[in-house]
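J.: dropping the sequence and predicted coords here.
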Amino acid sequence: MAANISFTCTDIKTANGTYMYKVPDTTLGRQVDSICEAKWYFPNGTVLATAPPDPEYMDPAVSVDKWRLLANLCLDELLYRADCLSGTSEVVNFLSHDPAVIAHSERIHAFLAVPLFFIFLVILLICVHTKRRRAAKGEKPGSGDAMLEKSSSNHSDAGDV
């Protein structure tokens, strides 16, 4: 069973400045209250935190219990997974629809687009410059191959001797 929770960073920000990701009371694991192993994951599958009885967590997590995680950053995506002894499992996807998080992603795309634009512009300028240089010398388009033709004709003449 999987659930998706949409949030904004403002919605989950606590009074002390941390961000609280809380599994809803309606999830199966909370209703049955069975013995479950709960973990929090980054989207790439890396474990961010393991809930008690043996809690472990890494930055940006600052605290974890069975049903919630506190972090010092607002993450745009986070997964919670509970595997219960009863054989049931539950996944909750926390997905940000925060404009600040979305704007950050768009800035990254713009950051990549600008260098690509300049690379394209440099290639275009080199082509235009080469064409003008050939036109100034009176060469026809494609006449740059004349050197190759002269070179190959010299080699064929040498073979005739």
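T.: Noted; the coordinates are in hand. Since we're looking at a predicted model, the values are computed, not measured.

J.: in this structure, which spans are strands?
T.: 2-7, 19-22, 36-41, 47-50, 56-57, 61-64, 68-71, 77-84, 89-96 (DSSP state E).

J.: ok, and what's touching the last one?
T.: Read that as strand 89-96. Strand 89-96 is contacted from outside by 1-9, 21, 23-24, 27-29, 36, 74-84, 102, using Cβ atoms under 8 Å, 6 or more residues apart in numbering. All C-beta spots, glycine's among them, are computed from the backbone N, C-alpha and C.

J.: give the PyMOL command for selecting the buried subset of these.
T.: Typed into PyMOL, the line below selects the buried ones among the contacts of strand 89-96, using 16 or more other Cβ atoms under 10 Å:
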select buried, resi 5+7+9+21+23+27+28+29+36+74+75+76+78+79+80+81+82+84
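
J.: let me have the strands of the chain in CSV, extended by distance to residue 126.
T.: Converted to CSV, the strands of the chain look like this (distance: least, Cβ to Cβ, whole Å):
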stretch, distance to residue 126
strand 2-7, 48
strand 19-22, 49
strand 36-41, 48
strand 47-50, 48
strand 56-57, 53
strand 61-64, 51
strand 68-71, 49
strand 77-84, 42
strand 89-96, 43
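
J.: mean pLDDT lowest where, among these?
T.: Ranked by mean pLDDT, these bottom out at strand 2-7, with a mean of 80.

J.: that one vs strand 89-96, what angle?
T.: On the basis of axes from the mean of the first three to the mean of the last three Cα atoms, to 10 degrees, strand 2-7 is oriented at 20 degrees to strand 89-96.

J.: and for residue 88, the neighbour number?
T.: Residue 88 is flanked by 14 other residues according to other Cβ atoms under 10 Å.

J.: show me where this structure has its helices.
T.: Using DSSP state H, the helices found in the chain span residues 9-12, 28-32, 99-137, 146-160.

J.: okay, now residue 46: neighbour count?
T.: Counted with other Cβ under 10 Å, residue 46 comes out at 8.

J.: please apply the same query to residue 39.
T.: The number of residues near residue 39, taken as other Cβ under 10 Å, comes to 16.

J.: just list whatever residues bridge to it.
T.: residue 50, residue 81 (DSSP bridges).

J.: domain parsing for the protein?
T.: 2-97, 99-139 (automatic domain parsing).

J.: end-to-end on the first one?
T.: Its first and final residues considered, domain 2-97 spans 19 Å by Cα to Cα, to the nearest Å.

J.: the chain should start at 43 in everything you say after this.
T.: Okay, using 43 as the starting number, the last item reads as domain 44-139.
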